[in-house]
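> Attaching a predicted model along with its sequence, questions to come.
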Amino acid sequence: MTQTSHAGDEAPAIHADGLAVGYRGEDGSASTVLADVALTVGRGEFLTILGPSGCGKSTLLRAVADLLPPLAGSLSVLGGSAEAARLRREVAFVFQEATLLPWQTVRRNVELPLRVGRGAVTRPVEGDADAWLSLVGLSGLGERYPDQLSGGQRQRVAIARALFCNPSVLLMDEPFGALDEITRDRLNDELLAIWRRTGTTILFVTHSIMEAVYLGGRVMVLAAHPGRVQEIVDLAPLKDSEGRSSREAPETIAVMAHLRALLAKGAVAA
Amino acid sequence: MKTVPAPRLRAVLSPLLGALSILLVWQFLMPALGVPAYILPTPLAVAQKFADEWRFLLENALPTIVESLAGFFLGNGVAVLLAVVFVMSRTLREAYFPVVLVFNTIPILALAPIIILIFGLGMLPKVIIAAVICFFPTLVNMVRGLNMASSNEMELMHVLSASRREVLVHLRLPRSVPLLFASLRIAATSSVIGAIVGEWIGANQGLGALIIQSTFNYQSDRLFAAVLLASALGLLYYAIVAAVEHRLVRRPG
């Protein structure tokens, strides 16, 4: 048996068992959005999460980020509580909107993690803002303001800000959902490159079957009404050496058809 | 060939010409209609008064300037501090924000004599009346502005483990700046109103006192000069606030 004091280093990135997530009203009443989640995500894994509206995809990410307490079951992040992981700043979040502070330059936005959490967080940030900006393809734009950037560039800044925290787990909630398809494809490739380079565990919520298959090592399909896990599909057979799935290969087409059928089934009440 | 005036020039010229036309009508039509000069002096008579009595007028403007400026900073300062307290403490907000809002329904003209009664006839009661007038719009706007951060922004701060103080400094306060300046623009002119209202009720110098005295003495040219000066004061404050905002707040684009 391993010593418990070292369990944190060996523990999976995410481990959930019988987990229920949702919202608790002020009177203490709970409304469950997604129930009975059993999931283990290994370190360095890229898991995509696919599901119809209202299935609780975002709610699950928010529980991992300690934005919502679990309603039932167990959830451990890097071997401890979600709160402990947040306080060590090992979890970073990229929202659908870039959520940049419009009154600050791009560089100051990336450096936001330096200015907040000073009392709580002791773990150092990684590298400097300019290095991360150049990794996401924005070198030289540090002095610009967010409203001078395109939607895709703003989302890159949000990713640079998240990576600046040097997270072990990166949570992404439909980060490219509002972008045009060409920009989205390019950012998908860049995200895969960043993932291979940093070894960060990524949980990536999306509406797009193509995106889920292209990026993920596994894809978790959720169903709605009530929110539940339908199936976790292993995508390893589709992957090339870069971690991508071919968009045209017959195997990919077959997996996508399977996922589409699952989604159609999961969108109606069970 | 005629040159077409640029839109900017036109935007400046049009209101100037409009004002000039009204002044011309006032100058020549009102006396022709038999309106006596002690009721309505002509623009030129008012201008003459400025030339003759500029020292006397400025002497009276000085206390009004001091009172309105002090009231401006006191009222807005307390409003911003109280807004921060209300946003940081739910208990205090729930207990006192409604009380403050009800207090706001008392007309300032009804409140002014009470303030004079308490604080006497010096400058202090005028400062307080000016401060009270500035206080409410800024308090309400600041409480709103401090709560304008989006839920995404609040969640971002939570994920970064920001403390409540850090959220205030790095998110809530910068978010509230546009609304703060909106209320400072209002306060720029209302602080002058407050000082003058205070001087009406009990003062022997200041533009407000001058307005009351010249009204009762049928010195309408002096009355108009004092009113114009008060208006110019509000405009000057407004311009200063706008200039400070222009320097501090970056325009999009």
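Happy to help now that I have it. Numbering: from 1, shown residues only, chains lettered A, B, ... in the order given.
> which sections of the chain are below the confidence cut-off?
I'll assume chain A. Within chain A, the stretches with pLDDT under 70 are A:1-9, A:122, A:269-270.
> oops, chain B please
For chain B, residues meeting the criterion pLDDT under 70 lie at B:1-5, B:252-253.
> which bits of it sit near chain A?
Taking Cβ under 8 Å from any Cβ of the partner chain as the contact definition, chain B meets chain A at B:150, B:152-153, B:155-163, B:166-167, B:170-171, B:174, B:177, B:249-250, B:252-253. Glycine gets a C-beta too; all of them are placed from N, C-alpha and C.
> and the one helix or strand residue B:133 maps to, what other elements does it pack with?
In the assignment (DSSP states H and E), residue B:133 maps to helix B:123-146. When contacts are defined as 3 or more Cβ pairs under 8 Å, 6 or more residues apart in numbering or on different chains; DSSP states H and E, helix B:123-146 sits against helix B:43-88, helix B:90-103, helix B:108-119, helix B:173-201.
> what's the angle between the second one and helix B:123-146?
Read it as helix B:90-103. 130 degrees (axes from the mean of the first three to the mean of the last three Cα atoms, to 10 degrees).
> Next: the longest one.
Orientation note: helix B:43-88 sits at an angle of 60 degrees relative to helix B:123-146 (the same axes, to 10 degrees).
> so what secondary structure elements neighbour helix B:43-88?
Using 3+ Cβ pairs under 8 Å, 6+ apart, helix B:43-88 sits against helix B:7-32, helix B:90-103, helix B:123-146, helix B:173-201, helix B:207-216, helix B:220-248.
> Please identify the most buried of these.
With neighbours defined as mean count of other Cβ atoms under 10 Å in any protein chain shown, the helices and strands packed on helix B:43-88 peak in mean count at helix B:123-146, which reaches a mean of 24.
> Tell me which residues touch the residue in the stretch 151-270 of chain A positioned nearest to chain B, please.
Going by Cβ to the nearest Cβ, chain B is nearest to residue A:165 of the stretch 151-270 of chain A, at 7.5 Å. Residues near residue A:165 by Cβ atoms under 8 Å, 6 or more residues apart in numbering or on different chains: A:89, A:92, A:113, A:125-126, B:160.
> which of the residues of chain B next to chain A are buried?
Neighbour-count burial (16 or more other Cβ atoms under 10 Å in any protein chain shown) applied to the residues of chain B next to chain A gives B:153, B:155-162, B:166-167, B:170-171, B:174.
> among these, which are in helices?
B:153, B:155-159, B:166-167, B:174 (DSSP state H).
> contact partners of stretch A:27-36?
Applying Cβ under 8 Å, 6+ apart, the contact partners of stretch A:27-36 are A:18-25, A:54-56, A:59-60, A:71-73, A:222, A:226-229.
> Intersect those residues with the contacts of chain B.
Applying Cβ under 8 Å from any Cβ, the subset of these adjacent to chain B is empty.
> Selecting buried members of these in ChimeraX, what would you type?
Restricted to buried positions by 16+ other Cβ under 10 Å, the ChimeraX selection for the contacts of stretch A:27-36 reads:
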select /A:19,20,21,22,55,56,59,60,71,222,227,228,229
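> Quick one: mark the members of the contacts of stretch A:27-36 that sit in strands.
Judged by DSSP state E, the subset of those located in strands is A:18-24, A:72-73, A:222, A:228-229.
> And those, which is closest to chain B?
Distances from chain B to those, taken as Cβ to the nearest Cβ, are shortest for residue A:23 (12.8 Å).
> quick one: the helices in the stretch 51-200 of chain A?
For the stretch 51-200 of chain A, the helices defined by DSSP state H, counting those that start in this stretch occupy A:57-64, A:82-87, A:106-110, A:112-115, A:129-135, A:151-164, A:181-198.
> mind giving me JSON lines with those helices and columns for distance to residue A:96?
Shown next, in JSON lines, are the helices of the stretch 51-200 of chain A (distance: least, Cβ to Cβ, whole Å):
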{"stretch": "helix A:57-64", "distance to residue A:96": "9"}
{"stretch": "helix A:82-87", "distance to residue A:96": "20"}
{"stretch": "helix A:106-110", "distance to residue A:96": "17"}
{"stretch": "helix A:112-115", "distance to residue A:96": "18"}
{"stretch": "helix A:129-135", "distance to residue A:96": "21"}
{"stretch": "helix A:151-164", "distance to residue A:96": "9"}
{"stretch": "helix A:181-198", "distance to residue A:96": "13"}
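> Relative to residue B:75, which of the ones you listed is closest?
Judged by Cβ to Cβ, the one of the helices of the stretch 51-200 of chain A that comes nearest to residue B:75 is helix A:112-115, at 31.3 Å.
> Flag every residue of the stretch 101-250 of chain A that's near chain B.
Neighbours of chain B within the stretch 101-250 of chain A, by Cβ under 8 Å from any Cβ: A:101-103, A:112-113, A:115-121, A:145, A:147-148, A:165.
> For PyMOL, what selects the buried ones among those residues?
Here is the PyMOL command that selects only those of these that count as buried (16+ other Cβ under 10 Å):
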select buried, chain A and resi 101+103+112+113+116+117+121+145+165
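> Tell me the one of the residues of the stretch 101-250 of chain A next to chain B nearest residue B:242?
The closest of those to residue B:242 turns out to be residue A:103 (Cβ to Cβ; 18.4 Å).
> Please verify my assumption that the closest one contacts residue B:251.
No - contact criterion Cβ atoms under 8 Å: residue A:103 and residue B:251 do not qualify, at 11.3 Å.
> quick one: residue A:71 from chain B, how far?
19 Å (Cβ to the nearest Cβ, to the nearest Å).
> Which residues are in contact with the nearest residue to that residue once chain neighbours are set aside?
Nearest non-adjacent residue to residue A:71, counting by Cβ to Cβ, 6 or more residues apart in numbering or on different chains: residue A:20, 4.4 Å away. Taking Cβ under 8 Å, 6+ apart, we find residue A:20 in contact with A:32, A:34-37, A:70-73.
> again, but for residue B:138
Listed by Cβ under 8 Å, 6+ apart, the contact partners of residue B:138 are B:75-76, B:79-80, B:83, B:180, B:183-184, B:187.
> Recalculate using a threshold of 10 Å.
With Cβ atoms under 10 Å, 6 or more residues apart in numbering or on different chains as the criterion, the residues that contact residue B:138 are B:72, B:75-80, B:82-83, B:145, B:179-180, B:182-184, B:186-187.
> thinking again about what came up before, select, out of the helices and strands packed on helix B:43-88, the one closest to residue A:233.
Proximity to residue A:233, assessed across the helices and strands packed on helix B:43-88 by Cβ to Cβ, is greatest for helix B:173-201 (42.5 Å).
> Just want the angle from that closest one to helix B:108-119.
In terms of direction (the same axes, to 10 degrees), helix B:173-201 departs from helix B:108-119 by 80 degrees.
> Tell me the bridge partners for the residue positioned nearest the centre of chain A.
Nearest to the mean C-alpha position of chain A, counting by Cα atoms, centre = their mean, stands residue A:171 at 2.4 Å. Beta-bridge partners recorded for residue A:171 (DSSP bridges): residue A:93, residue A:203.
> Check the gap between it and residue B:55 for me.
71 Å (Cβ to Cβ, to the nearest Å).
> Please apply the same query to residue A:253.
Residue A:253 is 91 Å from residue B:55, by Cβ to Cβ.
> Looking at the two, which is more packed in?
residue A:253 (13 against 8; other Cβ atoms under 10 Å in any protein chain shown).
> how about the nearest residue to the most centrally placed residue in chain B, chain neighbours excluded?
Nearest residue to the geometric centre of chain B (Cα atoms, centre = their mean): residue B:189, 2.0 Å. Among residues not flanking residue B:189 along the chain, residue B:234 sits closest, at 3.8 Å (Cβ to Cβ, 6+ apart).
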